[in-house]
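Asker: Could you work out the structure for the sequence below:
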Amino acid sequence: MPVTHLDLKRLMLGTKLKPSEIVEFYKSSEFADDGEGLHFVELDMGRRVMGLKKRFDEKEQKEGCKFYLDQRCTVYEHRPVTCRVWPFTLSLDDEGRRITKMEINDALPCPFELDGKNQPKDLIRNWKWDDNQDEEWEVSVKNWNLGHKGGSPEAFFKFLCLI
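Answerer: Numbers count the residues shown, from 1 in each chain. You can find the predicted model right below:
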């Protein structure tokens with residue numbers, strides 16, 4: 001799951017973990033769509049996308065989010081905004097007030113997508129939050145990439161004022 005600096009900051013505050021305990025940097029080839037539409041950070045290790053750390057689920061015999069344990073999110077109140085809008089993809093009217101189209105991404109199952117608790121106003125609010133956060137993230141990544149010829153993840157975290 002790709003995350004932004006604001007997602008990471010929220011997770012750090014909520015978990016008291018260090019950035020390196022929450023995220024890692026993934027190659028574009030580690031995404032089904034080759035990282036299409038994601039913002040790549042130029043590091044010493046190459047072009048990478050910052051995402052949540054994974055863990056191997058012994059019971060299900062597959063990789064998953066480090067924070068998803070026993071069929072629940074252990075950082076729910078602090079979770080990334082992308083997790084808050086998952087699995088919905090919205091199209092809004094010109095004023096951004098009404099949903100004109102909604103799709104459900106079935107790449108990963110979500111047991112809560114049709115539970116009746118997803119209110120349109122909440123989906124719209126979170127969708128706008130996600131867009132705004134992504135715009136800020138894009139600027140931060142561009143500034144890093146313009147001002148640095150690589151660097152370590154720790155240097156990137158310092159640049160973001162996270163350590």
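
Asker: Surely T82 is in contact with G37?
Answerer: No. Using CB atoms under 8 Å, T82 is not in contact with G37; the gap is 12.0 Å. (Glycine included, C-beta is placed from N, CA and C.)

Asker: ok, these two, which is more surrounded?
Answerer: For T82 versus G37, the count of surrounding residues by other CB atoms under 10 Å is larger for T82: 18 against 8.

Asker: Can you tell me the SS state at T82?
Answerer: helix (DSSP: H, G, I helix; E, B strand; the rest coil).

Asker: just the helices in this protein please.
Answerer: 5-15, 19-22, 81-85, 120-147, 153-159 (DSSP state H).

Asker: which of those is buried the deepest?
Answerer: Stretch with highest mean neighbour count among those: helix 81-85 (a mean of 20; mean count of other CB atoms under 10 Å).

Asker: which other residues reach it?
Answerer: Around helix 81-85, the neighbours that count as contacts under CB atoms under 8 Å, 6 or more residues apart in numbering are 1-4, 6-7, 73, 123, 126-127, 129-130, 133.

Asker: ok, so of those, who is nearest V23?
Answerer: V3 (6.2 Å; CB to CB).

Asker: Pull the number of nearby residues for the nearest residue to that closest one once chain neighbours are set aside.
Answerer: Spatial nearest neighbour of V3, chain neighbours left out: P80 (4.8 Å); criterion: CB to CB, 6 or more residues apart in numbering. Residues near P80, counting by other CB under 10 Å, number 24.

Asker: Same check on L52?
Answerer: Neighbours around L52, by other CB under 10 Å: 25.

Asker: do F40 as well
Answerer: F40 - counted by other CB under 10 Å - has 17 other residues nearby.

Asker: and it, what pLDDT?
Answerer: Note for F40: predicted pLDDT of 94.

Asker: okay but it is in contact with G46, surely?
Answerer: No. Judged on CB under 8 Å, F40 makes no contact with G46 at a distance of 9.0 Å.

Asker: before we move on, the earlier item: can you tell me which of the contacts of helix 81-85 lies closest to S152?
Answerer: Nearest to S152 out of the contacts of helix 81-85 is V3 (CB to CB; 18.3 Å).
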